[in-house]
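below are the sequence and a predicted model for it; my questions follow.
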Amino acid sequence: MKFTIEHTAKDSAARTGVIETAHGKIQTPIFMPVGTAGTVKGIHHRELTDEIKAQIILGNTYHLYMRPGLDILGKAGGLHKFNGWNKPILTDSGGYQVYSLSGRRKIKEEGVTFASHIDGSKHFFSPERAIDIQRVIGGDIIMAFDECTPYPCDYRYAKRSMQMTHRWLKRCIKHFDAGEGHYGYEQTFFPIVQGSTYKDLRKISAEVIAESDQQANAIGGLSVGEPAEEMYEMTEIVCGILPKEKPRYLMGVGTPANLLECIDLGIDMFDCVLPSRNGRHGLVYTSEGVINFKNAKWKEDFSPIDANSTCSTSQFYSKSYLRHLITTKELLGAQIATLHNLTFYLWLVGEARKHIELGTFKSWKTDMAERVQRRL
């Protein structure tokens, strides 16, 4: 992997760059649609490419391990061959899903034993196992196995968890360096900063991750229920420590306003389920604010869903029609809303990139962050 910084904002830590991987280039700042089980729900690859302009998508290690399973993925030649996506893929390590299975898992120094959400069968993920699984899946970018702490989190627990994450990181790096990819191309490994919302822990963790000297770095354990201002504070602290010449990935974030504020702080990469999950429930993001299509006020509004959108589907269908689809739970409604939201998110980071290059990012961001939070 290669990362080149192209422009830096005049009055901000925001920057633009290009990440080069075996499956193509990624212009940053970038938002990555989440393809949990090898698919972005309800979206064809041609829509991801032509409408949404996605440059990279995520695959979920836990869910892909469960179904279709490593045997199928290995025989297919990896996730790229299995799902037909020929651009970059990032895989998480399964740590967050293990965190979300709080009633079904047991964490020890060796790793995590957990019960499948499908059939209750027992499984075990260790740092080494997480690397092996991601090798089989074949993502261009693979993540360290870590523990994501909940919010709020007791200080002593957060510290112990962070220290264990650091020990797991050493095991991940050793195992990653000792092996190689299965499919003839390089994979890049990202370590993850933890530490909950405690400043001293975040500083310690960021220093440990920076010293690991990997090609890029990630920030985890945020957007788990903490106030946005705490998220921004932790992000700013960590970005001040992580090396500027390497990409910074803020995991699981967030709303359009979150993206803008964190680009301002120096983040290059984002992912989040919000645009697709909320879209399926009738919540649509636009440059003028947020629309809840379950509200009756849109019942007789025959104007386009978003006349200013770069998504042609949003210009074709009316608000009234989308509300009808959403309230009757027609599959097309979820598809249209998801398509619109992901197109908007990619448009938003693209506009941020343009304004960083023009030297107008700060004023544009201030105005846009206020607009995208309005409830229409």
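Good, I have the coordinates.

how is the protein carved up into domains?
2-272, 273-376 (automatic domain parsing).

export the ones you listed to CSV and tack on mean neighbour count?
In this view, the C-beta of every residue, glycine as well, is placed from N, C-alpha and C. Formatted as CSV, those follow (neighbours: other CB atoms under 10 Å):
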stretch, mean neighbour count
domain 2-272, 19
domain 273-376, 18
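
I'd like those laid out as a markdown table, including mean pLDDT.
Converted to a markdown table, the domains of the chain look like this (pLDDT from 0 to 100):
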| stretch | mean pLDDT |
| --- | --- |
| domain 2-272 | 95 |
| domain 273-376 | 97 |
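
which residues of the stretch 201-350 of the chain fall in strands?
Along the stretch 201-350 of the chain, counting by DSSP state E, counting those that start in this stretch, strands occupy 217-219, 248-250, 269-271, 283-286, 289-292.

mind listing what the first one pairs with, with the direction of each?
Just to be clear, that refers to strand 217-219. Partners of strand 217-219 in the sheet, by DSSP bridges, are strand 192-193 (parallel), strand 248-250 (parallel).

need those in JSON lines with distance to residue 173, can you?
As requested, these are exported to JSON lines (distance: least, CB to CB, whole Å):
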{"stretch": "strand 192-193", "distance to residue 173": "12"}
{"stretch": "strand 248-250", "distance to residue 173": "17"}
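
these: which one's closest to residue 58?
Smallest distance to residue 58 across the strands paired with strand 217-219 (CB to CB): 10.8 Å, for strand 248-250.

and the contacts of that closest one?
Contacts to strand 248-250, defined as CB atoms under 8 Å, 6 or more residues apart in numbering, come from residues 190, 216-219, 222, 235, 239, 242, 262, 266-270.

before we move on, what about stretch 16-27?
1-7, 28-30, 55-56, 80, 86-89, 140-141, 185-186, 188, 216, 247, 268, 353, 356-357.

which ones among these lie within helices?
80, 353, 356-357 (DSSP state H).

leaving out sequence neighbours, find the closest residue to the residue in the chain sticking out farthest from the centre.
Going by CA atoms, centre = their mean, the residue of the chain most distant from its centre is residue 300, 35.7 Å out. Spatial nearest neighbour of residue 300, chain neighbours left out: residue 320 (6.0 Å); criterion: CB to CB, 6 or more residues apart in numbering.

I'd like the distance between that neighbour and residue 296.
11 Å (CB to CB, to the nearest Å).

next one: residue 222
For residue 222 relative to residue 296 (CB to CB), the value is 36 Å.

same check, this time on residue 48
33 Å.

do the same with residue 316
In terms of CB to CB, residue 316 sits 23 Å off from residue 296.

so residue 252 sits against residue 92, correct?
No. Counting by CB atoms under 8 Å, residue 252 does not reach residue 92; the two are 9.2 Å apart.

identify the contacts common to the two.
Joint contacts of residue 252 and residue 92 (CB under 8 Å, 6+ apart) do not exist.

would you agree residue 172 is in contact with residue 134?
No. Taking contacts as CB under 8 Å, residue 172 lies outside contact range of residue 134: 10.0 Å.

now the helices for the stretch 151-300 of the chain?
Secondary structure of the stretch 151-300 of the chain (DSSP state H, counting those that start in this stretch): helices located at 155-178, 199-211, 228-239, 256-264, 274-280.

let's have those in TSV, adding distance to residue 325.
TSV is the format used below for the helices of the stretch 151-300 of the chain (distance: least, CB to CB, whole Å):
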stretch	distance to residue 325
helix 155-178	43
helix 199-211	43
helix 228-239	31
helix 256-264	23
helix 274-280	11
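
nearest to residue 69, of those?
Going by CB to CB, the one of the helices of the stretch 151-300 of the chain nearest residue 69 is helix 155-178, 21.2 Å.

which residues are in contact with the closest one?
109, 126-128, 130-132, 142, 144-147, 149, 153, 189, 191-192, 194-196, 198, 201, 204-205, 208-209, 212, 214.

ok, the residue lying closest to residue 251 once chain neighbours are set aside - contacts?
In space, residue 251 comes closest to residue 220 once its chain neighbours are excluded; the distance is 4.7 Å by CB to CB, 6+ apart. The neighbours of residue 220, taking CB under 8 Å, 6+ apart as the test, are 95-96, 146, 148, 192-194, 251-252.

what's the separation between the residue minimising distance to the centre of the chain and residue 57?
Centroid-nearest residue in the chain, with CA atoms, centre = their mean: residue 271, separated by 1.7 Å. Relative to residue 57, residue 271 is positioned 9 Å away (CB to CB).

common neighbours of the two, please.
32-34, 90.

narrow the residues you listed to those in strands?
Judged by DSSP state E, the shared contacts of residue 271 and residue 57 include 32, 34, 90 as members of strands.

contact partners for the nearest residue to the first one once chain neighbours are set aside?
It stands for residue 32. In space, and not counting its chain neighbours, residue 32 is closest to residue 271: 4.3 Å by CB to CB, 6+ apart. For residue 271, the contacting residues are 31-34, 58, 90, 251-253, by CB under 8 Å, 6+ apart.

and if you look at residue 80?
Counting by CB under 8 Å, 6+ apart, the residues that residue 80 touches are 23, 86, 89, 138, 183.

so residue 41 touches residue 338, yeah?
Yes. The criterion here is CB under 8 Å, and residue 41 meets it with residue 338 at 6.7 Å.

shared neighbours of those two, anything?
276, 280.

tell me the bridge partners for residue 304.
With DSSP bridges as the criterion, residue 304 is bridged to residue 318.

who touches it in this structure?
314-319.

go again using 10 Å as the cut-off
Contact analysis of residue 304 by CB atoms under 10 Å, 6 or more residues apart in numbering lists 313-319, 321-322.

could you save those residues as JSON lines and add columns showing distance to residue 162?
Listed next are those as JSON lines, based on distance: CB to CB, whole Å:
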{"residue": "313", "distance to residue 162": "44"}
{"residue": "314", "distance to residue 162": "43"}
{"residue": "315", "distance to residue 162": "47"}
{"residue": "316", "distance to residue 162": "49"}
{"residue": "317", "distance to residue 162": "47"}
{"residue": "318", "distance to residue 162": "50"}
{"residue": "319", "distance to residue 162": "46"}
{"residue": "321", "distance to residue 162": "49"}
{"residue": "322", "distance to residue 162": "44"}
